[in-house]
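A.B. asks: Need coordinates for the following:
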Amino acid sequence: MTTPDITLYTAGTPNGVKVSIVLEELGIPYKVKEISFKDEEQKQPWFLKINPNGKIPAITDHSRGDFNVFESGAIMIYLCEHYDPEGKLLPKDPDSRSQVIQWIMFQMGGIGPMQGQAGHFNNYAPEEIPYAIKRYTEETKRLYSVLNNALEGKEYLVDNKFTLADAISFPWVRAHFLTGISSIDEFPNLKTWIERIYARPAVKKGLNVPTPDKVQEFTEHPEKLDEFVKNARGFFKFTSTDKK
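C.D. replies: Okay, the predicted model is just below:
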């Protein structure tokens, strides 16, 4: 196996920490380049050569000819294909592997977009649109129920062990209160799953890349969330597309 030499381009968002969690879980050495949304680094020509979509995260694998990978799910799969020979996070068994990839698609096609829109319309939209708030919030909760049901009698989603299936949805679901869903008590399996994953040392390390874990800070100091949302509204001034 090639000795990894990876640069991670990221920011402290749910999509960003997905990749740092995987890097930490697999013990892969990496360098971090924090991307500044304020300076719109993600739209600068040098970064668009790495990710033509102009969003974080992305990686450059210098040990494999400066090979670039963008889209968080694709990065996670890439890292396992090249640096997870034991199949720790992406199983070698074809059926188990398929199940993990199914949950990756579930997050990228469902939880990420729906929860992202719920957060936008609850917190950042320039005008209040009740229909959009209800639509995206309720759909996010429906997706939570899918996970909650899948976790019945299990600690993790696939083969009852921590895999990419868990790593990809965890950063989003743990941030539920940022999207207008103040409690997930109605999803007890999901709630204990979050607690179980957060207790993993590598996960805690990954959540603090490239900056201290804001979600944990807001959990411990709820008053800071309102201040953050207020500042973010003034900074981002959302009128078209999401920078993250």
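
A.B. asks: Kindly indicate whether Ser183 is helix, strand or coil.
C.D. replies: Put simply, Ser183 is coil when judged by DSSP: H, G, I helix; E, B strand; the rest coil.

A.B. asks: tally of neighbours for it?
C.D. replies: By other C-beta atoms under 10 Å, 9 other residues sit near Ser183. Yep, even glycine has a C-beta here, placed from its N, CA and C like the rest.

A.B. asks: How about Ala58?
C.D. replies: Neighbour count for Ala58, taken as other C-beta under 10 Å: 26.

A.B. asks: Just to check, it is in contact with Val69?
C.D. replies: Yes: Ala58 is in contact with Val69 according to C-beta atoms under 8 Å; the separation is 6.7 Å.

A.B. asks: Give the residues shared as contacts by these two.
C.D. replies: Common contact partners of Ala58 and Val69 (C-beta atoms under 8 Å, 6 or more residues apart in numbering): Ile75.

A.B. asks: What helix or strand is Asn68 located in?
C.D. replies: strand 67-70 (DSSP states H and E).

A.B. asks: Give me the contacts around that strand.
C.D. replies: Strand 67-70 has contacts (C-beta under 8 Å, 6+ apart) with 49-53, 55, 57-61, 75, 78.

A.B. asks: let's go with 10 Å and repeat that
C.D. replies: With C-beta atoms under 10 Å, 6 or more residues apart in numbering as the test, strand 67-70 has contacts from 6-7, 9, 19, 47, 49-61, 75-79, 82.

A.B. asks: And these, which of them are buried?
C.D. replies: 6-7, 9, 19, 47, 50-51, 54-61, 75-79, 82 (16 or more other C-beta atoms under 10 Å).

A.B. asks: List the ones among the residues you listed that fall in helices.
C.D. replies: Cross-referencing those against helices under DSSP state H gives Val19, Phe47, Ile75, Met76, Ile77, Tyr78, Leu79, His82.

A.B. asks: Show residues contacting the helix or strand of the chain at the bottom of the mean pLDDT ranking.
C.D. replies: When each helix and strand of the chain is scored by mean pLDDT, DSSP states H and E, helix 223-236 comes last, with a mean of 73. Applying C-beta under 10 Å, 6+ apart, the external contacts of helix 223-236 come out as 37-38, 119-120, 122-126, 177-178, 214-215, 217-219, 221, 238, 242-244.

A.B. asks: could you redo the last one with a cut-off of 8 Å?
C.D. replies: Phe37, Lys38, Asn123, Tyr124, Phe177, Leu178, Lys214, Glu217, Phe218, Lys243.

A.B. asks: What about these, which are in helices?
C.D. replies: Using DSSP H, Lys214, Glu217, Phe218 are the members of those that sit in helices.

A.B. asks: okay, the second one: pLDDT?
C.D. replies: When you say that, I think you mean Glu217. pLDDT, Glu217: 88.
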